[in-house]
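Chemist: dropping a prediction and its sequence here:
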Amino acid sequence: MLAADVRDGRAAAPLPRRGRGLVSWRMRRHAFAYAMMLPTFGLTALFTIYPLLNVLFHSFYSGSLFSLAHSFVGLANYVTLIQQGGIAALGTTAVYTIGFVISATVLGIACALLLNLPLRGTEAVRTTFIIPLVVPIVATAIVWTTLFNAYFGPVDAFLSFIGLPRIDWLGDPAMALTTVIMFSTWQYVGQNVILFIAALRAIPVEVREQALVDGARGWRNFWRITLPLITPSLVVVTVIGTITAMQAFTQIYIITQGGPIDATTTAAFYVYQQAFQFFNTGASDAMAAIIFAITLLLTLVQTRLLSRLGGGGIG
Amino acid sequence: MASAAATLTVPVGRRGRPVRWSFLVWYPLVVIAGFVMAMPLLWMILTALKTNGQVLNLASPIFPHPLVWQNLVQAWDSAPFGRFYLNSIIFTVSATLGQVLTSAMAGYAFARFRFPGRDLFFYLTLTGLMIPFVTVMVPVVQLVNDFHWLNTYQGLIVPNIQNAFGMFLFRQYFLSLPTEVEDAATVDGASLVRRFTVVALPMARPIVSAFALLAFLVNWNNFLYPLLVTKTQNMMVVPLGLSIFQSQYTTYYNLLMAAALIAVVPVLIVSVFAQRAIVNGITLGSFR
């Protein structure tokens, strides 16, 4: 901020030309700056900030999607939320989020360590991690539904081949969420691998060599040297992963449609279902408000943790 | 640069000498990781080229013989994929261009000018980053409906031509640039507009390309927003059209995989060639 002000002062240095007064020059600069930021600010205000206030307001007020008449209903929408399976959806979200974040983080570190080894061919393997990140989730999620098909899918075929019982991955309420978590991990883990590799490469060579001289090897090296040095990345990865998980929608829509028996209805899918399938915007607004509160809390935790660790953060 | 970094960071093995024998342990793991990651897409390609009878028969060989290229034609003809692609291109190109332009403009304004309320506007815009789309989707659809924009290109595009994260990236970048060149242009009589378009924007080329690629991928793959605001097939983008195809051809697994392949191939090609740029973009993206 301060740096900008100093620069701004210098930028303003050329004095008014063709007889225009100082005030007019400054006003033109102001007008120009407002015009430049208006598209971004205006559209953000209209399509993000106003809708958020709208949701928070409506989580305490009654009124259907397209009606104008509102009245204060207190916590009634939150009561509806509880009655309409909102608690179960939040529980599903918690299980999904924890499962996804742990698997994507642990596998992310493991694969980053593996792909950071000076081995021939790791570049090609790295590409296989990037592809799922960038191709449409709809397409890969559809692939997942056939991979895990209980009758002819190759995953179950492999299980019976090695003598394990077949699993109804998508039809069994106890397994469906696991299947979705496996998809999300497969789809997303490349991002964590990229971030962890960047963090590993940022560790100074001297630190590594000193660790070796001091006799830190293998696991000891990892726990004592590597992990502490990549902790800021670990925080970033965990928080971004959690926020991503809270918003997971497409894979659930494509793979399970929230079923079987609501076993994969997470908070985000719940908002969609209540608002656009059941037209119950009271419950959807209450759930949206809860998602926002959790996201906000997580962002604050991230900022606090990172500033304590001396890492990045906004501003 | 990548290879230099690789040799710098891991010059030694566990015992302080160049990694030689330990690759026997790690190589199989690398291969397994690569196989697990690649398998779903390989399986998609193999299945897309089989007859549905072969797909359903577990005893049939893994590799299709003969290759049924006809599946791709049939999938393409079974849904208006040409139209989906046209819509995807219109939506993605407009939204991406719009986001790059508005983000560069706002980033420049916040980095270079001091005006009343600047910090308030800046932080309000940034809060947009902390608001997940799923929390605001109901009122957003309501707004688009109020504008009578449901199922129109403007309804798809206009709400998407801002990006608070892009604004933040451009602001940081412009703050890191010295103002001397721009000042010189002003002394030479350049207007504020020319100062931005002719002098500052070309200097921001690295951020323009990195952010444009990231925004392009996000827009191309966007599913939820088009799902909410488009109603008819002639307005649908590729991911949404594919999901409709899925609901209509549930058990035609070979056609389903052929359709998925059609949706994946262009992005697949881009991602293989632009891999380094994507990696840079993702590393950049984690700053938020």
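Modeler: Now that the structure is in, tell me what you want to look at.
Chemist: quick one, helices of the stretch 151-300 of chain A?
Modeler: Remark: helices of the stretch 151-300 of chain A, listed N- to C-terminal, are A:154-161, A:173-201, A:205-213, A:218-221, A:227-229, A:231-246, A:250-255, A:267-272, A:281-309; assignment by DSSP state H, counting those that start in this stretch.
Chemist: out of the ones you listed, flag the one nearest A:Thr145.
Modeler: Among these, the nearest to A:Thr145 by CB to CB is helix A:250-255 (5.6 Å). Every residue, glycine included, has its C-beta placed from N, CA and C.
Chemist: and that closest one, what's its mean pLDDT?
Modeler: Taken as a whole, helix A:250-255 carries a mean pLDDT of 95.
Chemist: re the thing from before, quick check: which of the helices of the stretch 151-300 of chain A is nearest to B:Arg205?
Modeler: Go through those one by one with CB to CB and the one that ends up closest to B:Arg205 is helix A:173-201, at 22.3 Å.
Chemist: now that closest one, how far from the centre of its chain.
Modeler: In terms of CA atoms, centre = their mean, to the nearest Å, the centre of helix A:173-201 is found 11 Å from the chain centre.
Chemist: quick check, that helix touching chain B?
Modeler: Yes - contact check for helix A:173-201 against chain B, using CB under 8 Å from any CB of the partner chain: residues in range are A:Trp186, A:Gly190, A:Gln191, A:Ile194, A:Leu195, A:Ala198, A:Leu200, A:Arg201.
Chemist: tell me which element the residue nearest to the spatial centre of chain B falls in.
Modeler: In chain B, the centroid-proximal residue (CA atoms, centre = their mean) is B:Leu217; its distance is 1.3 Å. Element membership of B:Leu217 [criterion: DSSP states H and E] is helix B:205-221.
Chemist: what sits up against that helix?
Modeler: A:134-137, B:88, B:91-92, B:95-96, B:99-100, B:103-104, B:160, B:163, B:166, B:169-170, B:173, B:201, B:238-239, B:267, B:274, B:277-278, B:280-282, B:284-285 (CB atoms under 8 Å, 6 or more residues apart in numbering or on different chains).
Chemist: repeat the analysis, applying 7 Å as the threshold.
Modeler: Counting contacts by CB atoms under 7 Å, 6 or more residues apart in numbering or on different chains, the residues outside helix B:205-221 that touch it are A:134, A:136-137, B:88, B:91-92, B:95-96, B:99-100, B:103-104, B:160, B:163, B:166, B:169-170, B:173, B:239, B:267, B:274, B:277-278, B:280-281, B:284-285.
Chemist: buried residues in whichever helix in chain B runs longest?
Modeler: With DSSP state H setting the assignment, residue counts place helix B:81-112 as the longest helix in chain B. With burial defined by 16 or more other CB atoms under 10 Å in any protein chain shown, the residues of helix B:81-112 counted as buried are B:81, B:83-85, B:87-88, B:91-92, B:94-96, B:98-112.
Chemist: hmm, back to that, quick one: closest of the helices of the stretch 151-300 of chain A to B:Ala184.
Modeler: helix A:173-201 (36.4 Å).
Chemist: just the buried residues from the residues of helix A:173-201 next to chain B, in ChimeraX please.
Modeler: Selecting only the buried entries of the residues of helix A:173-201 next to chain B in ChimeraX, with 16+ other CB under 10 Å as the criterion:
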select /A:186,190,191,194,195,198,200
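Chemist: go through the residues of helix A:173-201 next to chain B and name the one nearest B:Thr250.
Modeler: If you rank these by distance to B:Thr250 using CB to CB, A:Trp186 comes first, at 22.5 Å.
Chemist: distance of B:Ala200 relative to chain A?
Modeler: 11 Å (CB to the nearest CB, to the nearest Å).
Chemist: over to the nearest residue to B:Met105 once chain neighbours are set aside. Which of the three states is it?
Modeler: Nearest-residue entry for B:Met105: A:Met36, 4.3 Å, with adjacent residues in sequence omitted and distances by CB to CB, 6 or more residues apart in numbering or on different chains. Remark: A:Met36 carries the secondary structure label helix [criterion: DSSP: H, G, I helix; E, B strand; the rest coil].
Chemist: is it true that A:Met36 touches B:Ser103?
Modeler: No - taking CB atoms under 7 Å as the contact criterion, A:Met36 and B:Ser103 are not neighbours in contact, 10.8 Å apart.
Chemist: circling back: now do the next helix-or-strand element following the longest helix of chain B: which elements does it pack against?
Modeler: Using DSSP H and E, the helix or strand that follows helix B:81-112 in sequence is helix B:118-127. In this structure, helix B:118-127 packs against helix A:22-44, helix B:164-176, with contacts taken as 3 or more CB pairs under 7 Å, 6 or more residues apart in numbering or on different chains; DSSP states H and E.
Chemist: let's have those helices in TSV, adding mean neighbour count.
Modeler: Compiled in TSV, the helices and strands packed on helix B:118-127 are given as follows (neighbours: other CB atoms under 10 Å in any protein chain shown):
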stretch	mean neighbour count
helix A:22-44	18
helix B:164-176	22
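Chemist: mean pLDDT lowest for which of those helices?
Modeler: helix A:22-44 - the lowest mean pLDDT of the helices and strands packed on helix B:118-127, at a mean of 88.
Chemist: which helices and strands does that one pack with?
Modeler: Helix A:22-44 makes packing contacts with helix B:81-112, helix B:118-127 when contacts are defined by 3+ CB pairs under 7 Å, 6+ apart.
Chemist: next, the angle helix B:164-176 makes with that helix.
Modeler: Following axes from the mean of the first three to the mean of the last three CA atoms, to 10 degrees, one obtains 150 degrees for the angle between helix A:22-44 and helix B:164-176.
Chemist: what's around A:Asn149, how many residues?
Modeler: Residue crowding around A:Asn149 was assessed by other CB atoms under 10 Å in any protein chain shown; the count is 20.
Chemist: in which helix or strand would I find it?
Modeler: When elements are assigned from DSSP H and E, A:Asn149 belongs to no helix and no strand.
Chemist: and B:Pro239, by the same measure?
Modeler: When secondary structure is defined by DSSP H and E, B:Pro239 falls within helix B:238-248.
Chemist: what does that helix contact?
Modeler: For helix B:238-248, contacts defined as CB under 7 Å, 6+ apart pick out A:136, A:138-139, A:142, A:254, B:79, B:81, B:84-85, B:88, B:221, B:223, B:226-227, B:230, B:233, B:236, B:256, B:259-260, B:263.
Chemist: give me the buried subset of those.
Modeler: By neighbour count, with 16+ other CB under 10 Å, these hold A:136, A:138-139, A:142, A:254, B:79, B:81, B:84-85, B:88, B:221, B:223, B:226-227, B:230, B:236, B:256, B:259-260, B:263 as buried.
Chemist: just the ones in helices from those, please.
Modeler: A:138-139, A:142, A:254, B:81, B:84-85, B:88, B:221, B:226-227, B:256, B:259-260, B:263.
Chemist: ok, these vs A:Phe222, which is closest?
Modeler: The nearest member of these to A:Phe222, counting by CB to CB, is B:Asn221 at 34.7 Å.
Chemist: up against chain B, what does the stretch 201-315 of chain A have?
Modeler: Where proximity means CB under 7 Å from any CB of the partner chain, the interface of the stretch 201-315 of chain A facing chain B comprises A:201, A:203, A:205, A:212, A:217-218, A:236, A:240, A:246-247, A:249-250, A:254, A:268, A:271, A:275, A:281, A:284-285, A:288, A:291-292, A:295-296, A:299, A:312, A:314.
Chemist: returning to that earlier point: if I look at the residue nearest to B:Met105, how far off is A:His30?
Modeler: Between A:Met36 and A:His30 the computed distance is 11 Å (CB to CB, to the nearest Å).
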